[in-house]
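S.K.: build me a structure from this.
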Amino acid sequence: MTPHDWKILASYGVTPDNLSVGGSLDLRGTGITALPDNLSVGGSLYLEGTGITSLPDNLSVGGSLDLGGTGITALPDNLSVGGWLDLHGTGITSLPDNLSV
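M.R.: So this is what the prediction gives:
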């Protein structure tokens with residue numbers, strides 16, 4: 001499944017589990033409210049301004065993760081981010097001990 005295909009599915013609220021995206025995934029401006037379990041994104045993941053309120057455990061992002069302006073208040077266990085992590089405009093007040101950025 002390509003990032004474009006997944007973005008189309010996400011706009012309808014469909015999130016298949018165990019998804020692996022080789023490149024970046026830009027979901028800004030979509031109606032997505034949840035991500036699938038065991039999601040792996042090889043590039044960056046852009047969620048700014050979406051209705052996302054939580055991230056799945058074991059999320060792996062090879063590039064950067066943009067959570068700006070989301071309703072996320074906590075980061076999941078075993079979150080791995082290869083680039084920068086943007087938390088502006090979120091309710092996050094602490095970081096998990098096992099966060100890797």
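S.K.: C-alpha from now on. contacts and neighbour counts both.
M.R.: Noted.
S.K.: quick one, what contacts residue 94?
M.R.: residue 74 (Cα atoms under 8 Å, 6 or more residues apart in numbering).
S.K.: residue closest to the middle of this protein?
M.R.: Geometric centre of the chain, nearest residue: residue 45, 5.5 Å, by Cα atoms, centre = their mean.
S.K.: quick check: that one vs residue 19, distance?
M.R.: 13 Å (Cα to Cα, to the nearest Å).
S.K.: quick one: buried residues of stretch 19-32?
M.R.: 19, 21, 23, 24, 25, 26, 27, 28, 30, 31, 32 (16 or more other Cα atoms under 10 Å).
S.K.: what's the answer for stretch 68-82, then?
M.R.: By 16+ other Cα under 10 Å, the buried positions in stretch 68-82 come out as 68-72, 74-82.
S.K.: and the residue nearest to the centre of the chain, backbone torsions?
M.R.: When read as degrees, to the nearest 10, the backbone of residue 45 gives phi -120, psi 120.
S.K.: need the pLDDT of it.
M.R.: In this prediction, residue 45 carries a pLDDT score of 96.
S.K.: all strands of the protein, in order?
M.R.: Secondary structure of the chain (DSSP state E): strands at 20-21, 25-26, 40-41, 45-46, 60-61, 65-66, 80-81, 85-86.
S.K.: check contacts around residue 57.
M.R.: By Cα under 8 Å, 6+ apart, the neighbours of residue 57 are 37, 38, 76, 77, 78, 79.
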